[in-house]
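Colleague: all I have is the shape, not the residue letters:
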Ligand code: GLY
């Protein structure tokens, strides 16, 4: 078992990571003096595979769990769903003396975290991520929120969990599509750090083949990098970059998600966007050809053939820029060197998008 700490003064917390460690969850939960009753928010896919076992572990150790199961998918990250969760918690008599456990992938974590942040002005919550994407990225750092119709994560809060508990054994049953989604965020971490890049060059295929020992090492490395960034720049205010560099692949990625009506999952959109943002960096002359080829080479090894026929460059530009004449991108300058605020004018973005979309 590995423990990585996110240092945030009195809101510091550990990330526990291991293989087949779920039985250690109750002791950790109890050691933090958390409420003896918790709502376990999960989706129907995770519930079908893992909820029975998790509930049994909780019950055996005297933690009362109230199960709340939502449908899967990004559309659940909405105020409508949040409202239903508030009503569920109220109907069960939940107060600030109860807790919430987010048990699932990125959607469950963001939504349940937002509900925890806002229900009765905040109840304690714990992240138990069950996907590669959530373990490597979204469960750590306290970004919670829901989407509005045309803007991802438009309503939300920074609200840190009491701890994060990642058991890579959950990933053994994860569909290949979810591993590929996770790789979107994981490859991003490779772009942020030369050592991580070299590690992924060696082990990307092991991740695709779901070698859990390698996946655990990948998650550990991502968590260590993210924990440091969060400790230094929790609210993404550092003008020198800080946490903002984690938005690499997200300016275009989030626009693609919205325009595809969420047919593209988050990690898939990030995979596409990483490639396109590399092209923008190259076109703007800030990324040398050699590094461009190496960075592109890694992301291109993730087997994913997107169907983008319904998306046009002009719709993308509208989604990304609105009425602005330029947009600030997070872009790579070289492997491991990311710049967080590079202004690219509309014409350049449009020409790059058109190239990517075959002139559409
Ligand atoms: N997912 C980016 C961040 O947590 O800052």
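Modeller: That came in fine, so what should we check first? What you are looking at is a predicted structure, and each value in this text was computed from that prediction instead of being measured.
Colleague: neighbours of residue 92, how many?
Modeller: The number of residues packed near residue 92 is 12, by other Cβ atoms under 10 Å. For every residue, glycine as well, the C-beta is placed using N, CA and C.
Colleague: can I assume it is in contact with residue 39?
Modeller: Yes: the pair residue 92 / residue 39 is scored as a contact, 7.2 Å apart, by Cβ atoms under 8 Å.
Colleague: pLDDT score assigned to the residue in the stretch 51-200 of the chain that the ligand sits nearest to?
Modeller: For the stretch 51-200 of the chain, the residue closest to the ligand is residue 141, as judged by Cβ to the nearest ligand atom, at 4.1 Å. In the predicted model, residue 141 carries a pLDDT score of 98.
Colleague: show me where the stretch 51-200 of the chain has strands.
Modeller: Taking DSSP state E, counting those that start in this stretch to define them, one finds strands in the stretch 51-200 of the chain at 64-70, 99-104, 125-129, 143-148, 151-158, 164-167.
Colleague: residue 259 is nearest to which of those?
Modeller: Closest approach to residue 259 among those is made by strand 151-158 (11.2 Å; Cβ to Cβ).
Colleague: which helices and strands sit right next to that closest one?
Modeller: Applying 3 or more Cβ pairs under 8 Å, 6 or more residues apart in numbering; DSSP states H and E, one finds that strand 151-158 makes contact with helix 106-118, strand 143-148, helix 251-259.
Colleague: okay, these, which one's buried deepest?
Modeller: When the helices and strands packed on strand 151-158 are scored by mean count of other Cβ atoms under 10 Å, the highest mean neighbour count falls to helix 106-118 (a mean of 26).
Colleague: check whether that helix contacts the ligand.
Modeller: No: counting by Cβ under 6 Å from any ligand atom, the ligand has no neighbours in helix 106-118; the shortest distance is 8.9 Å.
Colleague: ok now that helix, how far from the chain's centre?
Modeller: Per Cα atoms, centre = their mean, to the nearest Å, the displacement of helix 106-118 from the mean C-alpha position of its chain is 12 Å.
Colleague: average pLDDT across that helix?
Modeller: pLDDT averaged over helix 106-118 equals 98, rounded to a whole number.
Colleague: ok so, going back, shared neighbours, residue 92 and residue 39?
Modeller: Taking Cβ atoms under 8 Å, 6 or more residues apart in numbering as the contact criterion, the common neighbours of residue 92 and residue 39 are residue 66.
Colleague: can you pull up the most central residue in the protein?
Modeller: By Cα atoms, centre = their mean, the chain has its centre lying nearest to residue 138, at 3.0 Å.
Colleague: which non-adjacent residue is nearest that one?
Modeller: The shortest distance from residue 138 to any residue other than its chain neighbours is 4.1 Å, reached at residue 106 (Cβ to Cβ, 6 or more residues apart in numbering).
Colleague: likewise residue 272?
Modeller: Closest residue to residue 272 apart from its sequence neighbours, by Cβ to Cβ, 6+ apart: residue 306 at 5.5 Å.
Colleague: what of residue 334?
Modeller: Ranked by Cβ to Cβ, 6+ apart and with sequence neighbours excluded, the top spatial neighbour of residue 334 is residue 291, at 4.8 Å.
Colleague: now whichever residue of the stretch 151-300 of the chain sits closest to the ligand: closest residue in space that isn't a chain neighbour?
Modeller: Checking the stretch 151-300 of the chain residue by residue against the ligand with Cβ to the nearest ligand atom singles out residue 246 as nearest, at 3.8 Å. The shortest distance from residue 246 to any non-neighbouring residue, by Cβ to Cβ, 6+ apart, is to residue 229 (6.8 Å).
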